[in-house]
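Asks: show me the folded form of this:
(2 chains)
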Protein chains: 2
Amino acid sequence: MENWLKEKLLELNAVSTMEQPEGFNRLSFTEKEREAQEAFKKVALELGMKLRADSTGNIIARLETEDQQGKPAIALGSHLDTVKNGGGYDGAAGVLCALGAVKMIRDSKEILPFPVEVICFASEESSRFSMSTVGSKAMTGQLTEEQLNTIKDENGSTLAEAMTEFGLDPAKFKEAERGEEELLSFTELHIEQGTRIEDAGCDYGTVSAIACPIRMHLHVNGKAGHTGTTPMDQRQDALVDAAEIITFVHEAANCLNENDDFPIVATVSTIEASPNAMNIIPGFVKLGVDIRSVSDKQKNLMEKAVDTYLKKYRPSVEKEILVRNPSVQLDRKMYGKMKTLGHQTGLKSFEMESGAGHDVMNMQKKWPSGLIFIPCRDGLSHHPEEYASPQDLLKGTRLLHAHLTTSNSG
Amino acid sequence: MENWLKEKLLELNAVSTMEQPEGFNRLSFTEKEREAQEAFKKVALELGMKLRADSTGNIIARLETEDQQGKPAIALGSHLDTVKNGGGYDGAAGVLCALGAVKMIRDSKEILPFPVEVICFASEESSRFSMSTVGSKAMTGQLTEEQLNTIKDENGSTLAEAMTEFGLDPAKFKEAERGEEELLSFTELHIEQGTRIEDAGCDYGTVSAIACPIRMHLHVNGKAGHTGTTPMDQRQDALVDAAEIITFVHEAANCLNENDDFPIVATVSTIEASPNAMNIIPGFVKLGVDIRSVSDKQKNLMEKAVDTYLKKYRPSVEKEILVRNPSVQLDRKMYGKMKTLGHQTGLKSFEMESGAGHDVMNMQKKWPSGLIFIPCRDGLSHHPEEYASPQDLLKGTRLLHAHLTTSNSG
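Replies: The predicted model follows:
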């Protein structure tokens, strides 16, 4: 099984070695994402699964007997797109272990009393567009026409335009929504992207809740001018103002962590300066800020701290909210079941929250959903050196297999 | 004359109105720069001047009688390229007033005892490549093969590649160098890009020296990671480090100004963060720093302050020097002559230094050179709202005309 996992990991990543100094670049709705999806389809076909794609690019592989057609399924899944210069495990590990669990079912010739689906969600990462989990939003009826037509990549292409270029018809995006009766539950496996499981001496993480981000753009307005002829005391340098905001966001998040049990993280993760030329004082800077905590109260406090700072010190900065979603509590029964999988597999569960968003947070809105984490080396993720060991991938596969074999059809 | 200047200003800028909300974008060695050069040639031909282009794209228009062929000329000139979203006067005003001075000579049917040249220098601005004054460097033998082959624009094209694409042969760049015997002197007119002339109640500025920049890239290394899952106290956020450096550069320049008679300006004018994605902690940031003063001592103190700061607080930052040229003293005789033009024209001269580099600083290395400034509104430059009034353009034209009519052939 371990060898099969290693082999299919390379296939899903379309590489001959996972050592990729530049990492992986399967941005949303690009040919690179499609390449991984095609590899997924090939593996699913080898496992005797039926395939279909929906109108927003999600690929659904289904294992069912003849008399299970049309019956509600137990679904597993994750995504195959990556961030820029990302790793080959974020998303891919979940898809791989789900396929691995199906292979274990096939190998044992067991017939489950329900169909099993492995869903490969489209465009989970927000690296290309500032919105994440496009595919699972669509599948759960949370994608809107406004999002399709207004959210743009750095070249100015809208989501709808990118989908069209990808060969999809964005006008049909609503057809991707599925009825509640189609699934019994959904479970995602993901790499932890942190070191808490390992630090606690455990094998896997069972996740109770997901810290959804507040995301904003801050538009910092200054005045462009010649760098050589504008005296220091007559400047309105937007980058100097932006630098103070970056420092403030970092320090404010540190302070909020000292006063509350729920950790919070806040990051100025993107910056664009204009005109960004050596001899011109920056006249305009756009900052992208990402704030996360499972505690909505903490997130709101952080946003308020930014508001107060800007009002007091930089009143001309314009704030544009991109995302402000409440954090998501996962289904309590599914959470309990994920924990007990440890007993069946002899693995030790660590109870935790997720600092990152995942497709499961959308699926939870419609179906009882669970999330388990497997460790990744040094907690490193969104990075070429991201790595999960074959042993941990095998543990993840066994957990998902145990989940399937201990579930029932009602 | 004023109407002629207004009309030719529009022609040189290839527009029907100077109100351009997005400004002008005639970057080095692009079709837009060529368009302006073609307009320049048309006007020069109308004035009965002979035209030639050299191997690096400088255009030289020459007014001479038959028996003045091959004789040393008095040269005027400036450039027609612009920064990104720049104004239509930086460079263009100097070319226009020089052409205007030739027109005044032609209109008065005066025959000067020497040829007159108006030089339109190629690629003066450093917006596309991090090096300025390409054309005048070439004309004075200061351009090097290494610069041509190593300095790149943001798309990775070298200067040599850009020149080839522009239709030039970069292998022939040395042919652009001119012999000392070809010119008697060079004078550039430019907009001030500041408000000191106006603040002093004067009409024009006579410039004694030019503050050449020290320019560097600072490579700030952090560690990319997931914004949601990496705790605040386990981060190496390159943008947070970069923000502190930006703040330091600004404050250090302010401090140096309090302790010295020579003003200094220092600007972090460019920033590139990587991977620059909403959900990834910035792992790498490149800053572009521009330091200027007519006092080389002040510039060196500023660079040393940056070095000390980095060594103490951010030892992993790598410094890459792009330019470190001593500031340039202009010819004392030419400086004196530019001042006395005020008497002949009834205009009031303000004696000053230039905070910005201009083609004249290269020309001074080979020929006695002078620089005069005309005011521009609010000191605004490198900006779409850059503006010099028709009255000031006329004053500049009269100054250059007076310079020509009071010069002699030896």
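
Asks: contacting residues around the nearest residue to A:Leu310 once chain neighbours are set aside?
Replies: Of all residues not flanking A:Leu310 in the chain, A:Val317 sits nearest, at 4.8 Å (C-beta to C-beta, 6 or more residues apart in numbering or on different chains). No exception for glycine: its C-beta is placed from N, CA and C like everyone else's. The contact partners of A:Val317, by C-beta atoms under 8 Å, 6 or more residues apart in numbering or on different chains, come to A:218-221, A:241, A:245, A:310.

Asks: which phi and psi does A:Val317 have?
Replies: Dihedral pair for A:Val317: phi -70, psi 130, per degrees, to the nearest 10.

Asks: gap between it and B:Met278?
Replies: 18 Å (C-beta to C-beta, to the nearest Å).

Asks: likewise for A:Gly94?
Replies: Per C-beta to C-beta, A:Gly94 is found 21 Å from B:Met278.

Asks: check A:Asn221 too.
Replies: Note on A:Asn221: its distance to B:Met278, by C-beta to C-beta, is 21 Å.

Asks: and the two? Which one has more around it.
Replies: Neighbours per residue, other C-beta atoms under 10 Å in any protein chain shown: of A:Asn221 and B:Met278, the larger number sits with B:Met278, 25 against 14.

Asks: ok so, going back, out of the contacts of A:Val317, who's nearest A:Ala356?
Replies: Relative to A:Ala356, the closest of the contacts of A:Val317 is A:Leu218; by C-beta to C-beta it sits at 22.1 Å.

Asks: SS state for that closest one?
Replies: Here A:Leu218 is strand, with the state taken from DSSP: H, G, I helix; E, B strand; the rest coil.

Asks: next, count neighbours for it.
Replies: 23.

Asks: state the distance from the closest residue in space to it that isn't next to it in sequence to B:Asn276.
Replies: Distances taken as C-beta to C-beta, 6+ apart put A:Leu287 closest to A:Leu218, at 4.4 Å, once the chain neighbours are dropped. Remark: distance between A:Leu287 and B:Asn276 (C-beta to C-beta) = 11 Å.

Asks: what sits in contact with each of these two?
Replies: Both A:Leu287 and B:Asn276 are contacted by A:270-271, under the criterion C-beta under 8 Å, 6+ apart.

Asks: what ranges does chain A have for its helices?
Replies: Here chain A has its helices, by DSSP state H, at A:2-13, A:31-46, A:92-108, A:134-139, A:145-150, A:159-165, A:196-199, A:238-258, A:296-313, A:332-345, A:359-363, A:390-405.

Asks: Throw those helices into JSON lines and include mean pLDDT, thanks.
Replies: Listed next are these as JSON lines, based on pLDDT from 0 to 100:
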{"stretch": "helix A:2-13", "mean pLDDT": "97"}
{"stretch": "helix A:31-46", "mean pLDDT": "97"}
{"stretch": "helix A:92-108", "mean pLDDT": "98"}
{"stretch": "helix A:134-139", "mean pLDDT": "98"}
{"stretch": "helix A:145-150", "mean pLDDT": "96"}
{"stretch": "helix A:159-165", "mean pLDDT": "97"}
{"stretch": "helix A:196-199", "mean pLDDT": "92"}
{"stretch": "helix A:238-258", "mean pLDDT": "97"}
{"stretch": "helix A:296-313", "mean pLDDT": "96"}
{"stretch": "helix A:332-345", "mean pLDDT": "96"}
{"stretch": "helix A:359-363", "mean pLDDT": "97"}
{"stretch": "helix A:390-405", "mean pLDDT": "98"}
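
Asks: tabulate those helices (TSV), appending mean neighbour count.
Replies: Output for those, formatted as TSV (neighbours: other C-beta atoms under 10 Å in any protein chain shown):
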stretch	mean neighbour count
helix A:2-13	17
helix A:31-46	18
helix A:92-108	24
helix A:134-139	29
helix A:145-150	14
helix A:159-165	20
helix A:196-199	18
helix A:238-258	21
helix A:296-313	16
helix A:332-345	17
helix A:359-363	29
helix A:390-405	22
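
Asks: pipe those helices into a markdown table and attach distance to A:Pro231 per row.
Replies: Compiled in a markdown table, the helices of chain A are given as follows (distance: least, C-beta to C-beta, whole Å):
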| stretch | distance to A:Pro231 |
| --- | --- |
| helix A:2-13 | 54 |
| helix A:31-46 | 49 |
| helix A:92-108 | 54 |
| helix A:134-139 | 49 |
| helix A:145-150 | 41 |
| helix A:159-165 | 45 |
| helix A:196-199 | 52 |
| helix A:238-258 | 14 |
| helix A:296-313 | 22 |
| helix A:332-345 | 61 |
| helix A:359-363 | 51 |
| helix A:390-405 | 59 |
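
Asks: which residues touch the residue nearest in space to the middle of chain A?
Replies: Against the mean C-alpha coordinate of chain A, by C-alpha atoms, centre = their mean, the closest residue is A:His358 at 4.1 Å. Residues counted as contacts of A:His358 (C-beta under 8 Å, 6+ apart) are A:78, A:124, A:133, A:188, A:190, A:210, A:371.

Asks: just the buried ones from those?
Replies: Buried residues within these, counting neighbours by 16 or more other C-beta atoms under 10 Å in any protein chain shown: A:78, A:124, A:133, A:188, A:190, A:210, A:371.
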